[in-house]
Every structure is written in structure tokens, then in C-alpha cells.
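>>> Build the 3D model from these lines:
(4 chains)
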Protein chains: 4
Amino acid sequence: MIQKLNVGMAGLGRVGKFHALNFLERTPRAELVAAFTPDPAEIAWGQQHLAPYGVTLYDNYDKMLEHPGLMAVAIGTATSVHAEQAIKAMDHNLHVLCEKPLSVDIEVCKAVVQKAKTKPHLKVMCGFSRRFDESYRDAADKITQGFIGRPSIIRSQTCDKFDPSGFYVEYAAWSGGVFVDMAVHDIDLTLWFFGDDSVPKSISAHGITAVQPELKKYNDYDNAVGVVEFHNGKIAYYYCSRMMAHGQEDTTEIIGTEGKLTVNGNPQKNLVNLYSNAGITREVPPNFMGRFGPAFVREANEFTAACLDNTPLPMKLSNAVKAVEIGAYIQESLVTGKQIHFDEIGRRVQKAQL
Amino acid sequence: MIQKLNVGMAGLGRVGKFHALNFLERTPRAELVAAFTPDPAEIAWGQQHLAPYGVTLYDNYDKMLEHPGLMAVAIGTATSVHAEQAIKAMDHNLHVLCEKPLSVDIEVCKAVVQKAKTKPHLKVMCGFSRRFDESYRDAADKITQGFIGRPSIIRSQTCDKFDPSGFYVEYAAWSGGVFVDMAVHDIDLTLWFFGDDSVPKSISAHGITAVQPELKKYNDYDNAVGVVEFHNGKIAYYYCSRMMAHGQEDTTEIIGTEGKLTVNGNPQKNLVNLYSNAGITREVPPNFMGRFGPAFVREANEFTAACLDNTPLPMKLSNAVKAVEIGAYIQESLVTGKQIHFDEIGRRVQKAQL
Amino acid sequence: MIQKLNVGMAGLGRVGKFHALNFLERTPRAELVAAFTPDPAEIAWGQQHLAPYGVTLYDNYDKMLEHPGLMAVAIGTATSVHAEQAIKAMDHNLHVLCEKPLSVDIEVCKAVVQKAKTKPHLKVMCGFSRRFDESYRDAADKITQGFIGRPSIIRSQTCDKFDPSGFYVEYAAWSGGVFVDMAVHDIDLTLWFFGDDSVPKSISAHGITAVQPELKKYNDYDNAVGVVEFHNGKIAYYYCSRMMAHGQEDTTEIIGTEGKLTVNGNPQKNLVNLYSNAGITREVPPNFMGRFGPAFVREANEFTAACLDNTPLPMKLSNAVKAVEIGAYIQESLVTGKQIHFDEIGRRVQKAQL
Amino acid sequence: MIQKLNVGMAGLGRVGKFHALNFLERTPRAELVAAFTPDPAEIAWGQQHLAPYGVTLYDNYDKMLEHPGLMAVAIGTATSVHAEQAIKAMDHNLHVLCEKPLSVDIEVCKAVVQKAKTKPHLKVMCGFSRRFDESYRDAADKITQGFIGRPSIIRSQTCDKFDPSGFYVEYAAWSGGVFVDMAVHDIDLTLWFFGDDSVPKSISAHGITAVQPELKKYNDYDNAVGVVEFHNGKIAYYYCSRMMAHGQEDTTEIIGTEGKLTVNGNPQKNLVNLYSNAGITREVPPNFMGRFGPAFVREANEFTAACLDNTPLPMKLSNAVKAVEIGAYIQESLVTGKQIHFDEIGRRVQKAQL
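The predicted structure follows:
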């Protein structure tokens, strides 16, 4: 009989539930054996959806780490405890799949990476779901094969359907701001397509609060544009919004010296078009799960395979830090209204001499 | 702990392998416990991919039916043995999921339905994968909600990528012809969208052999167009082809008195577009698995749920017979070059009086 | 100074007005010098829109033919007088651009062609606007260049937006039926892409009256499907409808042994997309002028150039007859419910021997 | 007989030829009576294409202004003489249609506007062709009708097909830079959709030379991104490129609080799609004439109507200055690498206090 990876899930909120079900049902080589959440409502959900399949529920993270035979932890709790939980799991010699970001604090992110370096036998991955999306993978392959020459410009956006509940106002208090919370995906894609070694040269950003003026109290915005110029003669520009009427629209263009690739330039929920007196209409996924659901499944499977087979993970943990770091700089530029400059080894410089 | 459906897979050819892996890996409530194939190469594949997960392999179908605890059989063998195997499984009081068609012989099809009627506690389904496709489901919902008024015209095509191997020439010897083999899916969709009780009024068909003239020896064609007019004032027209250069293109339009729905009017493999000096290009799935893979997974899950929960199956077994029957009439019209007519209760009539 | 072609317009109905303005304003080498209509309302329109530019108005066709310096006539009157007016114009040694069809009566059509043969110095063209459409031209070029191998299957449809006024019911009294009135364009395209010498082998058709049951009194239909198989191993199949909710949708697919071309597979009015909570919507042209307006302009210009420079017309007059002839056969098959057969030189045969 | 507008064309280069032919052939209410160019090759072209239609050719601009009966001048000469020629034409009491920009020097632009104010009976327009494009007009109508709520974000790009000739390197010496030369269209659209009274609050820009490093000697770039934040809580961001492999791609998104409009989100040359073993491909217009040809025709017609009927022009001359002014600020930010700030009445301020 084959060996399976015994996984414990930390956090059963929206993303946590999804990860839990993916490890339970859609990851043949993994076995979800335990789940932790401090939230009684989430415990109740787990009793209904996980316990019947033999998953043990915990309301104490430390106790879950002691679950017999546990081999890996997937962390989908609040961002503020990601790092601490990841480090504890490593201390228990458990592999770690952690939702992005490791932290909104760069120093804390770096501490996780540091700890991972001391445990080279462990697989520690920060889950940037787009890395596992079939379309992004295809685009990456085509870039590698030279279809577009040298990638030079990236346009990438993370645009959510407007949520009138006000959730995102309070969320802004601790999210790190739109560029850390949303654009971090686009920044990670940039590192993928431009190369991990890309060093920012200058950064600018601008934002507005078109529909949620309350965001201003947290120095945040509901629509923002940021530009990162790199020392290798490349530019990435980002648009984040939480104001879409039509649904989720995460689009990326990679423009090379000899061609261009777009991913999700024509968003769509499925293959249906309705022809009516309004014209021709197609629907759009309402949220990131509608767009990236299969990518999360692939993430669970690839993480599992890397742990069991001791093969390399598809992305470096240090990139997760770098993406947050760049996001934080863009956010700073957004708030201060000043362009930020860096020298060729990434040290921040003043541009007073100009 | 939850109850699982113990499934045995009959046939490990192309579709059989796919079903087997779906029940093994992507159907949480099912357990693949056994698999049968008479083919040593397929047994070898099973030993590598199924046995390590506890699946027992059989080279004798009857013996697999005796597998302890077996509750259901999925049949993906050659069409010629579908009916016999389905009936044997029912004799063992096993639920049955059978690949389409039950048979290319209507009387044989009817025998399966007859047997199923004597075993009303069993779930017996003929798998028309498009019934489980998210886009077709969405179209069906929109029709039910009245988005297009009264469905009146259906255009539906099954178009395969050209296979230069010559496989389809020999296959034509026993496939029943393009309208039984390929258009049967489009006919099934027609019954879904026009209503199960739709009675053909007249049928015409025309075909050519554009790239595989050898098909003529089996009275078959590589491109064919058929039209079915129904007594309820509706028309379905079909195009089958095995000549596509670009890939699989199964498209359906449902045209109502107040609107139209298309499914897969713009085929695409994923969300990537390549902009090059040739223009803007997107790729297309190469085969039906690229298009309908997720539908097969949903089929396995819904069949399993119906068996375990004793809930109705999403489609009637008798439709599977009706689709083959209509397909055979179109094929007859194709071969004879004559229009065929039926009275209002479906009895064939001559139209000499006109 | 350059020579201009002095043109007289016969008929100022919907299409006639459009032709008149095209010759007046958008055909630099032509001069609209005269216009005829028996309709006082149309005369009034002409007095406002044409007379100020020096166009002489006539309520008598014969008198217009005597207009000093007249060199050509464009005929956009009722179909029933097309042929007579065309012949009269030729008798006056005038070039003729006649709206399609020459007549719904094949013998009358042939008389026009016969007359034209006696006047080889005259340019006589029946205007099939799609022949002048940039997209169809591009498709034709690509076929000629071998992009799709040997064209083998054509799917072509003429679908109008539903007109609730009842106009098309009365129109059916003399239109010749949907296949003569609407599909004649698709048949003409077929002759273009398959070759003028294509000889029908068999023809079938089916129709319904989904929204205008009154059409039955004229043996006509609001939705119809027809199939024409040719002796050169090719098939064309057509769909005509007057029931579209969304607008005009004239689509053509040319499927070759090595590829496929579509024209207007994704109808659209312009380049705008609206993203709203309904999804992503684009509008569609409401009528044939919205789709083919520029083609009519090009038609006027190319006809003018052929007359002035004595160069060949872009299409043969005999094709116009052939298209109507095939249309009439499809219409016959539609009404009788019988397949029609032809031998290799196009003579109709019975298929009793089968 | 109707009155026509007698027009003289200044400049017969690429755009000048196009304007000349539009006034000659596609503007029914205008008469092209004269054309000026200092270039012998262009004079030769005019002798072949214009003179036969009665157009008098001049190699001296001042002499053309004396042409008997001249009522208006269209200016399509080099940018450096636009302003001088426009002012001279006004001094002759001639209406003026001037290609964009009036000048790359703001003070010179303002002098033209000042002169126009002293001649209120004259129509003086700077031609921003996109204002006359049907799709942009449709988008503007939909915004006015409230389809997208309050426009808040604009993304707009002007992307040309790569020209390997090196032309654009020398052109950069006097073009004013990419944001003055290319993005000025996008800025003009911004003023249209956000309102003429929009006042910039801050501006950032970044650029690279990916394929034409020689541009650096003129402080210019082949790819550049600029962001303009306005005091009314709106942001426009622009991308200019001369590196496209596939053709011209000028795309605009207007994102409102309740929806989004895209113009040319799916570029295409015509309605043809080619299905081949590469997938599904459509072509793209190779240049701005392929995209905006009909808009230039409409521009000529609307300008003519405004002159003859003394009706308002569709756009304010002062906007043409404002667009260049903003373009020049973005260009400055691009070159200096510093964000630029403005107070609420548009005066430039330092942001040292932050």
C-alpha cells in the first residue's frame, strides 16, 4: 500500500475550509487527519464535514501538533499568527504549507525563512495559488520556450467584486494595505516571469477611495495603481480594486520584445453565452475560488508530492518574503505620495541629486 | 465513519483508465476496490496505478462481480459487451454506471432497460458526460428560468481532432456510424433541452468522406450533417466531423423564441492568449478529456451519491435508448439518401401521399 | 478632370435610399444624377436628401432612362420588377447594378442573363453584398492561399432580428420563401468558396413556425434548416431565422481538410464591452446595414470602377441565377418534406432505385 | 444646390494624404480645392491623385491661403509648423482643423488658443481622432446614461507595432517624448470621460528602452507607464509602447463605481477567425489607420458640418492644450524619476512637507 501524507489543517475559515476539503477529498496521496480552529462555529462545521471522515478536531493548535503520525501542517488561520504557527510546526519537524502572506511585517517573514533554513529536511511553502494555475503555468512555459522574446513589461491586476458588507474596511486595519494584501500575488507573478533576482529601481503608487471612504482612517484605498521599475530594464505595473461590479477579474499581461501573453484577458465563469436583446453576455466568476479553485487543488497535490518524494517545491520561500517587501514599499509610496528609489543591490537611496 | 460506495471498474482502456482514477482519487464517497480487464497491458497499468492503493485486479469479469463488498460497477469496456456486462451486474444486485452507448443495437439497449425495470432498487445509468458539464448545466438552468423563451432550434456538433492513424476507419466497422457514435451526445442534449417526450417527425442526413475515403467500405463518413424535425415544432441539426485541425470542438446552440444560449461557441484550452506577428491566438483542447474531464469527475460523484443516498439519477436510462434510436435513424437516412418520416406517436410512415 | 459614372437610382425604399446615398456621397468616381420611385413619400425624401445635390427625381422609370448622360442604373425596387427594369436599362445601353434576386422565378432570371449576353459591352451585376465585405474577402484570400486545405463543409446562416410588426408575414406572399429570400446569400457564398461549377447531388430541408404561425398560409417558415450535398464531395448546410432576440447574426464557417475559417462567429456592433453585475456584454448590429454597410459602399465603388475602366466585375451574373435556383430547390424540399436528387450534370432524378 | 466647404490641405505626408482623400472623397459637404506641401515627392503624388479632381497644388503655404473661395484649412504638416500655420489661417479668416498636437511647447499651444479666442466666428479644432470613433462615442454615451456609475479609474494605452526601420529614434528628437506624442490621445480621452475640469493632483512615470536603446540620447523610451491622480478622486494610468509584435493595440478601460467599459479589449482586424493546428487566431490592425480610419472620415464630416452650419465643435480647443500640458508633466516625471504634485487649482507644489 502506498504511503500517504498525514496533514493537519490550521484554521477553518473561508480559505481554511477549502484547503481542508482539498486535502480530504482531492489529494489522493494525502490524508487529512486533524484540524484546528479556535472558533466554535468552525469546530461545528468540522464536526459535520470532517469528523465523519476520521479527522480529529482541535481547539488548541499546540495539541494538534502532537497528533500521532502528523507529518505536515497547512496554515490558513489569520495572517497575524501565520508565522508563529509555521515556526512551531517546524519545531515539531512538520512540513508546512502556509497561506500568503507569512506576515505583513518583513522582519517576521524573514524569521520564518531563517527557521526554515535550519530545517532543510522540511518542505516549507507559502501558497501563492496562481503559481499552480494551469493558465499561468502555460504562460510560463511559453515564455521559457521563447514565444515572446525577453519579458519586459508586466501588467497585472487583482480586482475583487465589490463587497457592500463593510468587511474590507475593518480588514484594512491589519491587512497591510492593498498592495500587501492583494497585489502580493501580482508581485509574486512578476518575480516568476521576470526572474527571482529582479531588483527594484524605483517605485510609485497612487490610490483613491471611490466607494469606501472609511478606508482612509487606515491609510488604505479601494482602488490603487502602483508601478515598479526594475534594474534589469523591466517594469511591472499593478492595479488593485475591490470595486468590480461584475465579479473577480485577475488579469495579467506579460509583454516581451517579440510578443505578448495574456492570462484571463477575457474573464468568464464557464463556456455559456447568452444572446438576448441586451446583446451577448457571459458571466464572470464571483470570487477567487471561482477563478482559482483548481489551482488550490493542484497546490495541495504538489505540496504533498514534494513532501513524500523529497522533491523541490515549485517556488522558493524567500520569494514570498520578497513579494511582501515590494508590496510594502509600494504601499509606502502610495501613502507618502513619493517615489522610492533603490540602488543596484536593492538598498534604498535618496534621489536628491536629480 | 461514513459509508463509501465500493466500486469495480470494468475496462481499463482510455476511458476506463480515466473512470478508474476518478473513482480512486476524485470521488470522496467512493472506494475503487476492484478492476477488470482482459488485456494484459491494461492489467500491467493497473498493477502500477491501482494496486498500490488496494485495488484488486481481475482478468475475469464474472470473478470481479464476486468481489467481497462490491456495490457498483462502472463499465468502460468495448461497446459490444456493455449490455451483457450491465445485465450481469444487475443480476448480482450491483449498481451500474455504463459508458455510452448501451449498444448500437436498439433491441439490445431495450433489454438493458427492461432488466433495470425489474431491479428498481438499483441505480443504472448510461453516462452521457455532457449532462454533468458545468456549462451545459448552466445553460439548462437558464432555459428553465425562461431566459430564452421556448427552445425551438438546436444546433449541436461533435467534432474531433483529425487522427491520422487510421484508427477510426477500423472503428467504423462496429461503431454504428457517426450519428450513433458521435452525435448520440448531441441527440441526448436535444432530449434534455427539448424534453424527453419529443417525437421525431422527419429526419434527413448527408455525408462525405473528405479525408478518409476508406470509410466508405463501412458505409460511414468523416463529415456528416443530420436534421431532425420534431412533432412539437422544433428542429435539431447536427454536424459530426473527425477532421478538425485545431482540436476538439463540441459546440451547442439552443435557440429559443426570445433568446439564444451557446455552449462552447468560443473553444479554448485555458485562459492564455498569445499575441504574435500572426495575430492573437488561443489553443483548443485536443480531445474530449480536455473539454469534459471535470464532467466525468462530477458524473462519478453524482452516481455515487445517488447509489448511497438512494436519490434519483440525473438522467433516465430510457433516454440513452432513445438517443441511440434517433441516431440510428439519422444514420439510415445518411446511407439511403432518403428522408424518413414518423407519425405523432413515433411510428415510421411512408410519405408517398405527398 | 476625371470622368465620372452618371448613375440613376431606381427605387428609394430602405435599400434604395442606402444605395442612392452611397452613390451620392461615398463613391468618388460616380455621380448620382437621377432617381426614380413611384412612391410619393419616397419622392419627398428624395427632394430633401437628393435634389439639393443636383439629382433629378422621376416618378416614371422609362423617363429616367432618358436622362441626359445617364450611364448606369442601380435597381433597388420591389423584386417583382427587377428583371423588367434591368432589361429595359440594357435596352438603353446602360450598365446595371441590380439588388438580389433578379427574380424569384428562374426563367425570368435566365431571361436577364440572356439579355446581358447580347450586350457584352455592358456591366450587369446582381448585388450580393457579402461578396464585397472585407471579412469574406479575407476568408476567400486565405482559402486561395491554402490555409484550410480543400474546403469541404460550409455552415452559413442568415438570421434577422425578430420584427414584431408582421411585415414578414405579408412579405412571404411573394418573397419566394426563406431559402430564396434569405439563404440565397449563403448559397452565393457557397458558390464562391466551393467553386461556381459545384453541382448539387441532393437537397433536404426542414422548417418550423415558432413565432409567426401565420406564415403557414404562404407555405413559409420563420426558422428553417437546409442541406445541400454537392457532387464534388462537399456539403453546405444553412440556417435561416427571423427570430433572433439579439440582432442580426449572419455567420459562415468554411471547414477544410486542414483548417477552418469563421466569418462573424462572434457578432458585435463595435469594440465596446460593458462589465456589469450581469457579466460582460457586447451589443450586436440590429440589421444587415449595421453588419454590411461598408460592403454596400464597396459594391458601389467596384461596380463604378468596372463600368468606367471596362474591367471584369467581381462576380458572374449567372451565379445569381444559380443561387436562386438552388434556393428554390431547397424551398421545394422544405415544403414537400422530400429529399431531392440530381445527377452529375445537375438534372433532377428520382431515387426510387435505392 | 447645396453649399460646400472649400478646404485646403496643408501637408501630404502619411496623415495628410489620408485627410486629403477624406475631404476629396468621403466628405459630401466639403470640396477639396487646394493642397500645399513643400515636398516634391508629395507634390507628385498630389498631381496624380488630387489634381485630376480639380485640386490646385501649392508648394507655398501662404499662397494656398489666398486660393479663391477657400473657407477652411486642414493642417497635417510637421508638428513644428502646426501652430504658425493655424494662426496664419485664422488671420485669413479660415476655419482650421489641425492634427494633434498644436505644438509640443505649451506656450505655443496657448498662443493658438488665444488667437482663436479673438476670432470666435471661426471653427478651430485640434483633431483627436478617437473622439470620432464609434466605439468611444458609444462608451461615452453609456457613461452619460449612468451604466457604470461614477467613472473613477481609466486605463488607456497607445501601443504601436514595432517599426524596425529606426524611424522612431530620430523622430524622438522633436516629438516631445512618448507621453506627449502617444499618450496625448489617452489623456484627451481622460478629459472626455472624467470631465474637462479634472485637475491633476500628482503624477508619476517610469520607462525603459527594451528594443531601441538609442532612444536614450533623446531622453525617450520605447515602453513607458505613467499615472495621473486627479483632485476629484480619480486616477488615470497609461501605457505607451512601440514594441508590439501583433499590430496596433489602443485599449481603454473606464472603471466606474458600478461597472466598467472597455474599448478594444479584444483587438481584431475584421470578423475572420482562422482555426488551425496552432489554435484559433485572429489578426489585428497593423496601424492606427486600420483601427481609426472611419473615425478620421467622421472627423472630416463633423468639422465640415460645424463650419457650414455654425454649430459647436465636438471638442474644445483648450482641451488640446491641457492634454499636451499633462503629457509634458508625465514626460518630466518619466525623465526625472520624481513624482510631481499640484494644488487644487493646478499649481505645481513641492511635497517636502510630507
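
>>> ok, now how distant is residue A:8 from residue A:83?
For residue A:8, the distance to residue A:83 equals 17 Å [Cβ to Cβ, to the nearest Å]. Yep, even glycine has a C-beta here, placed from its N, CA and C like the rest.

>>> Neighbour count for those two, which is higher?
The residue with more neighbours, out of residue A:8 and residue A:83, is residue A:8; 26 against 22, by other Cβ atoms under 10 Å in any protein chain shown.

>>> correct me, but the more buried one touches residue A:68?
No - contact between residue A:8 and residue A:68 fails when scored by Cβ atoms under 8 Å: they sit 11.0 Å apart.

>>> quick one, strands of the stretch 201-350 of chain A?
A:223-230, A:234-244, A:251-256, A:259-263, A:272-276, A:279-282, A:340-342, A:348-349 (DSSP state E, counting those that start in this stretch).

>>> What average pLDDT does stretch A:119-135 get?
Here stretch A:119-135 scores 96 as its mean pLDDT.

>>> What are the buried residues along it?
Within stretch A:119-135, the residues that count as buried by 16 or more other Cβ atoms under 10 Å in any protein chain shown are A:119, A:122-133, A:135.

>>> So which of those residues are in helices?
Secondary structure defined by DSSP state H assigns residue A:135 of the buried residues of stretch A:119-135 to helices.

>>> Which single one of the buried residues of stretch A:119-135 is nearest to residue B:196?
Using Cβ to Cβ, residue A:135 comes nearest to residue B:196 of these, at 38.0 Å.

>>> Surely that closest one is in contact with residue A:263?
Yes - at 4.9 Å, residue A:135 counts as touching residue A:263 under the criterion of Cβ under 8 Å.

>>> Can you work out which residues contact both of these two?
B:271-272 (Cβ atoms under 8 Å, 6 or more residues apart in numbering or on different chains).

>>> hmm, back to that, of the buried residues of stretch A:119-135, closest to chain C?
residue A:135 (17.6 Å; Cβ to the nearest Cβ).

>>> mind giving me JSON lines with the strands of the stretch 201-350 of chain A and columns for mean pLDDT and mean neighbour count?
Formatted as JSON lines, the strands of the stretch 201-350 of chain A follow (pLDDT from 0 to 100; neighbours: other Cβ atoms under 10 Å in any protein chain shown):
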{"stretch": "strand A:223-230", "mean pLDDT": "98", "mean neighbour count": "27"}
{"stretch": "strand A:234-244", "mean pLDDT": "98", "mean neighbour count": "26"}
{"stretch": "strand A:251-256", "mean pLDDT": "98", "mean neighbour count": "24"}
{"stretch": "strand A:259-263", "mean pLDDT": "98", "mean neighbour count": "24"}
{"stretch": "strand A:272-276", "mean pLDDT": "98", "mean neighbour count": "23"}
{"stretch": "strand A:279-282", "mean pLDDT": "98", "mean neighbour count": "22"}
{"stretch": "strand A:340-342", "mean pLDDT": "96", "mean neighbour count": "19"}
{"stretch": "strand A:348-349", "mean pLDDT": "94", "mean neighbour count": "12"}
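
>>> Nearest to residue B:184, out of the ones you listed?
Residue B:184 lies closest to strand A:272-276 among the strands of the stretch 201-350 of chain A, at 22.2 Å (Cβ to Cβ).

>>> Could you see whether chain D lies near that closest one?
No - using Cβ under 8 Å from any Cβ of the partner chain, strand A:272-276 stays clear of chain D, coming no nearer than 13.9 Å.

>>> Dihedrals phi and psi, residue A:286?
Backbone torsions for residue A:286, taken as degrees, to the nearest 10, come to phi -80, psi -20.

>>> Report how many residues lie close to it.
16.

>>> list the contacts for residue A:10?
Residue A:10 neighbours (Cβ under 8 Å, 6+ apart): A:16, A:35-37, A:61, A:64, A:73-77, A:85.

>>> just residue A:162 next, same as before
Contacts of residue A:162 (Cβ under 8 Å, 6+ apart): A:211, A:242-245.

>>> what residues does chain A put near chain C?
Neighbours of chain C within chain A, by Cβ under 8 Å from any Cβ: A:244-247, A:249, A:266-269, A:275-284.

>>> which regions of chain A lie under the pLDDT threshold?
A:1, A:351-354 (pLDDT under 70).

>>> And the spatially most central residue of it, how far from residue A:99?
The centroid of chain A falls nearest to residue A:128 when counting by Cα atoms, centre = their mean (3.7 Å). Counting by Cβ to Cβ, the separation of residue A:128 from residue A:99 is 10 Å.

>>> ok so, going back, the spatially closest residue to the residue nearest to the centre of chain A that is not a sequence neighbour: neighbour count?
Using Cβ to Cβ, 6 or more residues apart in numbering or on different chains and skipping the chain neighbours, the partner closest in space to residue A:128 is residue A:188 (4.5 Å). By other Cβ under 10 Å, the residues close to residue A:188 number 26.

>>> Tell me which stretches of chain A form helices.
Using DSSP H, helices in chain A cover A:14-25, A:40-49, A:61-65, A:79-91, A:106-117, A:134-144, A:167-171, A:178-181, A:184-194, A:288-309, A:317-336.
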